[in-house]
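Asker: This is a predicted model, with the sequence first.
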Amino acid sequence: MAAAAPDDTMTALRGRVLLIVGGGIAAYKILELVRLLTAAHVDVRCVLTKAGTEFVTPFSLQALSGHPVHQELFSLTDEQEMGHIALSRSADLLVVAPATADLLAKMTVGLANDLASTLLLATDTPVLAAPAMNVRMWEHPATRANVATLKARGIEFIGPDEGVMACGEYGFGRLAEPPVLRDAILARLNIASPTSGSARPHTSSTMTCTRTETGSSCDIVPGGTVVRSSVETTVDGTTLWKPLLGRHALVTAGPTHEPIDPVRYLGNRSSGLQGYAIAEALAALGARVTLVSGPTNLLAPAGVTLRRVETALEMEQAVRDALPADIAVCAAAVADWRVTNAVTSKIKKSADTTPPSLHLVPNPDILAALSAPGPHRPSLVVGFAAETDDVEANAIAKRKRKGCDWIVANDVSVGTNVMGGTENTVLLITSDGVEHWPRMTKTDLALRLARRIARRFGAPALSADGDMN
Ligand SMILES: Cc1cc2nc3c(=O)[nH]c(=O)nc-3n(C[C@H](O)[C@H](O)[C@H](O)COP(=O)(O)O)c2cc1C
């Protein structure tokens with residue numbers, strides 16, 4: 001990413017953005033975004049999809065950005081001057097706005113059948129998506145799943161906002177406002193927002209996130225010069241802050257696999273989605289996050305250090321290695337038992353032998369161990385309870401039995417589709433009582449839980465706290 005040099009003048013270009021404009025009604029707002037970005041001395045190159053031309057003209061985008069607008073994959077001129085591969089890599093940041101349901105779906109499956117989708121597939125540059133669509137399209141399970149997948153791959157999202165839409169319906173789906181988008185883009189380019197002049201000075205830290213083959217890590221660089229927009233950003237007048245900066249959060253996620261032989265294991269249906277979303281949400285609030293994960297198909301969330309394990313014993317060790325931590329969120333579905341008579345050669349099946357007996361012993365109780373008083377006990381330990389009967393009573397009992405501070409309890413009965421699904425309905429059990437949270441996506445639940453954790457560490461409540469937003 002381009003960082004503004006200290007002696008950058010007000011007229012020097014301070015970052016390059018490739019802006020992909022999709023075919024949504026909110027595309028008109030993109031004209032204002034281009035104006036705001038160029039006024040902030042960002043070089044903006046626009047790509048307009050075919051559907052996008054129904055809403056804004058290439059001429060307007062060209063006039064405002066000062067550059068020709070790219071529209072065609074098979075354009076001889078563009079291919080001679082700058083091919084699609086070069087174009088996808090010419091920028092410090094790719095921004096998709098409005099990110100239509102169609103574009104998000106294409107990104108998820110990796111379609112490359114027009115210039116926009118090909119660029120998005122051909123790039124390893126960070127991507128920021130600003131979705132805008134009808135609330136039902138946004139809430140459709142297909143879009144929810146696409147967004148979850150894209151987030152897990154490290155695509156960042158801003159918005160959508162809640163409000164009245166062009167179609168007259170109310171809900172989440174409005175494109176974030178252009179100044180908000182401008183600030184989010186400048187933050188990712190490490191450029192101070194023009195609106196941040198009155199911000200209180202920060203002398204704390206900068207955070208650099210690096211994605212590696214085994215995951216991604218966030219380094220806190222103490223004493224760096226921090227532009228306000230790298231630690232705070234503003235959405236509709238609400239300050240999104242980094243209240244967990246300097247805190248270490250340990251999150252466990254996914255199932256564990258307990259081997260029977262080299263090809264068979266005892267496991268469970270946990271997908272890891274909820275724990276990964278919590279890790280990402282805590283990182284978004286500034287925490288340094290270590291995610292200890294059992295086997296899943298998920299990629300490391302942005303800004304999170306991922307430690308992959310297979311068994312409960314390995315998870316226990318990885319958790320111990322990750323301490324000390326200020327916060328522990330145990331969302332993993334650790335197998336209760338492991339097989340003591342596991343063998344290293346495949347057990348052969350034959351018609352005349354009886355099936356083998358498995359000898360099981362209890363696995364270590366990671367949550368109870370983390371909750372036990374001691375010098376390394378995190379100040380806040382949050383456990384998860386997956387129950388099928390008497391969810392509330394069982395979860396209250398579990399909180400007492402384990403000694404943890406909070407329990408997030410969910411009903412995983414058949415038909416709830418929580419295990420492996422993208423939505424969750426939970427109770428939050430604390431020493432103050434029981435809160436019934438409405439059904440929401442695992443991403444929204446993670447954000448709400450992360451904000452609640454931040455409040456526990458002294459952060460003021462946001463106006464959005466307690467909402468699904
Ligand atoms: C009047 C009108 C408004 C539309 N607004 C949106 C929108 O806000 N968001 C969206 O995802 N799709 C919207 N659509 C549907 C998209 O235009 C359509 O899915 C298109 O294929 C998206 O193309 P793209 O992938 O180039 O963005 C709208 C369609 C019409 C006719």
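Answerer: Nice, I can see it. Numbering: from 1, shown residues only.
Asker: Next, work out how far apart the closest residue to the ligand within the stretch 301-450 of the chain and Gly294 are.
Answerer: Here the residue of the stretch 301-450 of the chain nearest the ligand is Thr441; by C-beta to the nearest ligand atom that distance is 17.7 Å. Any C-beta I mention is one placed from the backbone N, CA and C, and that applies to glycine too. In this view, Thr441 and Gly294 are 22 Å apart by C-beta to C-beta, to the nearest Å.
Asker: How about Val96?
Answerer: Counting by C-beta to C-beta, the gap from Val96 to Gly294 is 32 Å.
Asker: Where does pLDDT dip in the chain?
Answerer: 1-13, 76-82, 163-171, 192-241, 413-421, 460-469 (pLDDT under 70).
Asker: Around the ligand, pick out the residues from it.
Answerer: 22-26, 49, 51-52, 98, 100-103, 132-133, 137 (C-beta under 6 Å from any ligand atom).
Asker: So which of the residues you listed belong to strands?
Answerer: Counting by DSSP state E, the members of the residues of the chain next to the ligand that fall within strands are Pro98.
Asker: Tell me which residues touch the residue of the stretch 301-450 of the chain closest to the ligand, please.
Answerer: 144, 148, 422-424 (C-beta atoms under 8 Å, 6 or more residues apart in numbering).
Asker: next one: Val408
Answerer: Val408 neighbours (C-beta under 8 Å, 6+ apart): 331, 382-385, 426-429, 449.
Asker: let's see 10 Å
Answerer: 274, 278, 329-331, 382-386, 395, 424, 426-429, 437, 445, 449, 452 (C-beta atoms under 10 Å, 6 or more residues apart in numbering).
Asker: Which of the contacts of Thr441 ranks first by neighbour count?
Answerer: Asn424 (25 neighbours; other C-beta atoms under 10 Å).
Asker: OK, contacts around that residue?
Answerer: Asn424 neighbours (C-beta under 10 Å, 6+ apart): 273-274, 277, 408, 410-412, 416-418, 437, 439-446.
Asker: Next, give phi and psi for it.
Answerer: phi -150, psi 150 (degrees, to the nearest 10).
Asker: Please apply the same query to the one 4 residues further on.
Answerer: Main-chain dihedrals, Leu428, degrees, to the nearest 10: phi -100, psi 120.
Asker: wouldn't it be in contact with Arg448 here?
Answerer: Yes: at 9.0 Å, Leu428 counts as touching Arg448 under the criterion of C-beta atoms under 10 Å.
Asker: got any residues that touch both of these two?
Answerer: Trp437.
Asker: Please parse this structure into its domains.
Answerer: What automatic domain parsing lists as the domains of the chain is 16-195, 229-456.
Asker: Would you quantify the distance from the closest residue to the ligand within the stretch 251-400 of the chain to Ala122?
Answerer: Nearest residue of the stretch 251-400 of the chain to the ligand: Ala277, at 22.8 Å (C-beta to the nearest ligand atom). Using C-beta to C-beta, we find Ala277 at a distance of 28 Å from Ala122.
Asker: When the two are compared, which one has more neighbours?
Answerer: Set side by side, Ala277 and Ala122 show more neighbours around Ala277, with 29 against 16, by other C-beta under 10 Å.
Asker: Double-check the more buried one against Met440; I have them as touching.
Answerer: No: taking contacts as C-beta under 10 Å, Ala277 lies outside contact range of Met440: 11.0 Å.
Asker: Please give me every residue in contact with Arg308.
Answerer: Arg308 neighbours (C-beta under 10 Å, 6+ apart): 214-215, 254, 291-296, 300, 314, 318.
Asker: what about 7 Å?
Answerer: Arg308 sits next to Ser293 when contact means C-beta atoms under 7 Å, 6 or more residues apart in numbering.
Asker: Could you find the closest non-adjacent residue to Ser75?
Answerer: Closest residue in space to Ser75, ignoring its immediate chain neighbours: Leu115 at 8.0 Å, by C-beta to C-beta, 6 or more residues apart in numbering.
Asker: what's near enough to touch the one you found?
Answerer: By C-beta under 7 Å, 6+ apart, the neighbours of Leu115 are 47, 70-73, 84.
Asker: Check which helices and strands the one helix or strand Leu18 maps to is in contact with.
Answerer: Assigned by DSSP states H and E, Leu18 belongs to strand 16-21. Judged by 3 or more C-beta pairs under 7 Å, 6 or more residues apart in numbering; DSSP states H and E, strand 16-21 is in contact with helix 28-39, strand 43-48, strand 93-99.
Asker: Give me the contact list for the longest one.
Answerer: To tie it back to what came earlier, the one meant is helix 28-39. So helix 28-39 is in contact with 17, 19, 21, 44, 46, 55-56, 60-61, 64-66, 97, 175, 178-179, 181-182, 185, going by C-beta under 7 Å, 6+ apart.
Asker: CA-only coordinates of it in PDB, if you can.
Answerer: C-alpha atoms of helix 28-39 as PDB (Å, rounded to 0.1, in the frame of the first residue of the first chain):
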ATOM      1  CA  TYR A  28     -24.800   7.800  -9.000                       C
ATOM      2  CA  LYS A  29     -23.100   8.300  -5.600                       C
ATOM      3  CA  ILE A  30     -19.800   7.000  -7.100                       C
ATOM      4  CA  LEU A  31     -19.500  10.200  -9.100                       C
ATOM      5  CA  GLU A  32     -19.300  12.100  -5.800                       C
ATOM      6  CA  LEU A  33     -16.800   9.500  -4.400                       C
ATOM      7  CA  VAL A  34     -14.500  10.000  -7.400                       C
ATOM      8  CA  ARG A  35     -14.600  13.800  -6.900                       C
ATOM      9  CA  LEU A  36     -13.800  13.400  -3.200                       C
ATOM     10  CA  LEU A  37     -10.900  11.000  -3.900                       C
ATOM     11  CA  THR A  38      -9.400  13.100  -6.600                       C
ATOM     12  CA  ALA A  39      -9.700  16.100  -4.300                       C
END
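Asker: quick check: angle from that helix to strand 93-99?
Answerer: 160 degrees (axes from the mean of the first three to the mean of the last three C-alpha atoms, to 10 degrees).
Asker: Span of stretch 130-137 from start to end?
Answerer: 14 Å (C-alpha to C-alpha, to the nearest Å).
Asker: before we move on, what about stretch 266-282?
Answerer: Stretch 266-282 end-to-end distance (C-alpha to C-alpha) = 30 Å.
Asker: Which residue of this protein lies farthest from its centroid?
Answerer: Note on the chain: the largest C-alpha distance from the chain mean falls to Asp352, namely 52.0 Å (C-alpha atoms, centre = their mean).
Asker: Let me know the secondary structure of it.
Answerer: Classification of Asp352 using DSSP: H, G, I helix; E, B strand; the rest coil returns coil.
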